[in-house]
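Trainee: Prediction below, plus the sequence it came from.
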Amino acid sequence: MSRRVLSCCLWCGREINESEAGRRRRYCRQSCRQRAYEHRNSLKGTGIPNDSVVLSAQEAANLADRWFAARCAAEDVAIAIEEGADTSELAMLSKTLVELTREAERLR
């Protein structure tokens with residue numbers, strides 16, 4: 001049976017590997033599904049829309065840190081291009097940038 005990357009977990013943002021058959025998964029594992037359920041139930045009666053993402057102060061700070069690291073990596077790539085860096089150095093910097101932006105995509 002072939003596998004394909006379909007999407008990201010609605011709770012943690014990790015990639016979900018799917019098989020060709022069956023319903024598409026929304027969560028990468030049962031614990032993420034449970035956290036999403038708890039989150040939806042905690043919003044009932046508050047006036048906050050169900051599709052809202054509520055982050056703790058620490059989660060928001062961690063997210064900001066991850067995006068800052070990604071921006072710094074992008075600046076490193078730009079500087080390397082301006083300074084005429086060779087292909088191997090640019091490849092290494094680009095790989096780091098991609099890794100940091102993937103990490104920054106996660107909300108939790």
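Mentor: Cool, the structure landed.

Trainee: use CA for all of it now, contacts and neighbours both
Mentor: Fine.

Trainee: Now do the SS call for Ala78.
Mentor: helix (DSSP: H, G, I helix; E, B strand; the rest coil).

Trainee: Run through the helices of the chain in chain order.
Mentor: Secondary structure of the chain (DSSP state H): helices at 30-42, 57-82, 87-105.

Trainee: Buried residues in the longest one, which are they?
Mentor: What it means is helix 57-82. 63, 66-67, 69-70, 73-74, 76-77 (16 or more other CA atoms under 10 Å).

Trainee: Mind putting the residues you listed into TSV with distance to Arg29 and pLDDT?
Mentor: Listed next are these as TSV, based on distance: CA to CA, whole Å; pLDDT from 0 to 100:
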residue	distance to Arg29	pLDDT
Leu63	22	91
Arg66	23	93
Trp67	25	94
Ala69	28	96
Ala70	27	95
Ala73	31	96
Ala74	32	96
Asp76	36	97
Val77	35	96
